[in-house]
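1. Need a 3D model of the sequence below.
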Amino acid sequence: MRFGLAGTGYWARVAHAPALASADDIEFTAVWGRNRRAASDLADAYGAEAHDDVGAFLAGVDAVAFAVPPDVQSQMAVRAAEAGKHLLLEKPVSTSEADAGALADAVERAQVASVVFFSARFQDDVRAWLADVTSRGGWAGGTAVWLGSALRPGSPFNTPWRRQKGALWDVGPHVISLLWASLGPVTSVTADAGPADVTHLVLHHEGGATSTATVTLSAPEDAAHANVSLWGEPGLSAAPIAAGDPVTRLRTALTELASNARSGRLTHPCDVRFGRDVGRVLAAAQRQIDQRRCR
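-> Next comes the predicted model:
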């Protein structure tokens, strides 16, 4: 299956391109970028073809892996889906609730396969943890703390969209994805903001469990930390989140997307519909935060 990579930035270079080049039964054939020189440099390193025209890029591939800002992704991915291309998407699928819904609708109409790279969900030990906690049941609630330092000077992740949207939209999807998968679908959220981009969430889950989360991208490097834990009748259980190799996890996501595409299976636990639903929680939280700031 021929894959193209949309994007030429840091994450495209250190994660997506190596994963595409090393995944079984995948041909990494094309790179698209708004900067033709950057696209050429990345493509040349992998023997792929560089493009700055979206139409020409899409014409030569069967699937697209996206490593571009969320709102660029959602617009371009609609076009890719309409052209019959399968989609490996980054989280969040968009920072616009309407655009995320439009993308999910486009994927449904086109009947293409999709996977959203909620990275921990493609980590073997996290998958084993999720299987264990969901099989046992009896969990009353959960807690999550995700303290990142991406907005510190010098971080390669200190990008314009992260500075604008903060931790809610960048690491919030990871937290919500794990709490959703372990405690059940999120039915409502209450949100408030702290200093900088600190965000606090209270989530209600289908079935009655509740969970809380605190996220930021502005923590000092020495305070960087990620933890997701459940508590209940079985006791306390923490997800084995670790800052592992993203290439390995991306290879898993790519392989599962390609397998689904070949078999005609159009659903995945982390498909675009799930990405849209996580985005709805984020959008509801953002509205509450914005309303409080306007008072």
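2. so where's the stretch 151-295 of the chain uncertain?
-> For the stretch 151-295 of the chain, the stretches with pLDDT under 70 are 295.
3. What segments of it are helices?
-> With DSSP state H, counting those that start in this stretch, the ranges of helices along the stretch 151-295 of the chain come out as 160-170, 172-183, 246-263, 272-293.
4. who wins for proximity to Asp62 among these?
-> helix 246-263 (7.3 Å; C-beta to C-beta). Where C-beta positions appear, they are placed from N, C-alpha and C, glycine not excepted.
5. can you pull the buried residues of the closest one?
-> 246-247, 249-258, 260-261 (16 or more other C-beta atoms under 10 Å).
6. Report the two of those residues separated the most.
-> Farthest pair in those (C-beta to C-beta) is Pro246 and Ala261. Separation: 21.8 Å.
7. about what we covered before: could you dump the buried residues of helix 246-263 to CSV with distance to Arg280?
-> Formatted as CSV, the buried residues of helix 246-263 follow (distance: C-beta to C-beta, whole Å):
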residue, distance to Arg280
Pro246, 26
Val247, 30
Arg249, 25
Leu250, 25
Arg251, 29
Thr252, 26
Ala253, 22
Leu254, 26
Thr255, 28
Glu256, 24
Leu257, 23
Ala258, 28
Asn260, 23
Ala261, 26
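8. I'd say Asp170 and Thr159 touch.
-> No. Using C-beta atoms under 8 Å, Asp170 is not in contact with Thr159; the gap is 9.4 Å.
9. who has more neighbours, these two?
-> Asp170 (25 against 16; other C-beta atoms under 10 Å).
10. Without its sequence neighbours, what residue ends up closest to the more buried one?
-> Arg162 (5.4 Å; C-beta to C-beta, 6 or more residues apart in numbering).
11. returning to that earlier point: and which of the buried residues of helix 246-263 is nearest to Ser155?
-> For the buried residues of helix 246-263, the closest approach to Ser155 (C-beta to C-beta) belongs to Pro246, at 15.2 Å.
12. Can you tell me the closest non-neighbouring residue to that closest one?
-> Spatial nearest neighbour of Pro246, excluding adjacent residues (C-beta to C-beta, 6+ apart): Ala15 at 4.4 Å.
13. Start and end of stretch 47-59, how far apart?
-> End-to-end distance of stretch 47-59 (C-alpha to C-alpha, to the nearest Å): 18 Å.
14. Flag every buried residue along it.
-> Those would be 48-52, 54, 57-58, for stretch 47-59 by 16+ other C-beta under 10 Å.
15. for stretch 228-236, same thing?
-> 228, 230-232.
16. Pull the residues that contact that stretch.
-> When contacts are defined by C-beta atoms under 8 Å, 6 or more residues apart in numbering, stretch 228-236 is touched by residues 133, 136, 138-144, 175, 178-179, 182-183, 209, 237-239, 241.
17. now do stretch 7-22
-> Residues outside stretch 7-22 that contact it (C-beta under 8 Å, 6+ apart): 3, 5, 26, 28, 31-33, 35, 38-39, 41-42, 45-46, 65-68, 90, 156-157, 159, 246-247, 250-251, 254.
18. Could you pick out the buried ones from the residues you listed?
-> Buried members of these, scored by 16+ other C-beta under 10 Å, are 3, 5, 26, 28, 31-33, 38-39, 42, 65-68, 90, 159, 246-247, 250-251, 254.
19. Among the residues you listed, which ones are in strands?
-> Counting by DSSP state E, the part of the buried ones among the contacts of stretch 7-22 found in strands is 3, 5, 28, 31-32, 65-66, 90.
20. Closest to Ser114 out of those residues?
-> Distances from Ser114 to those, taken by C-beta to C-beta, are shortest for Phe66, at 10.6 Å.
21. Now that that closest one has come up, it's in contact with His86, right?
-> No. Taking contacts as C-beta under 8 Å, Phe66 lies outside contact range of His86: 11.6 Å.
22. Now tabulate the helices of the stretch 151-295 of the chain in JSON lines and tack on distance to Ala81.
-> Shown next, in JSON lines, are the helices of the stretch 151-295 of the chain (distance: least, C-beta to C-beta, whole Å):
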{"stretch": "helix 160-170", "distance to Ala81": "22"}
{"stretch": "helix 172-183", "distance to Ala81": "20"}
{"stretch": "helix 246-263", "distance to Ala81": "12"}
{"stretch": "helix 272-293", "distance to Ala81": "9"}
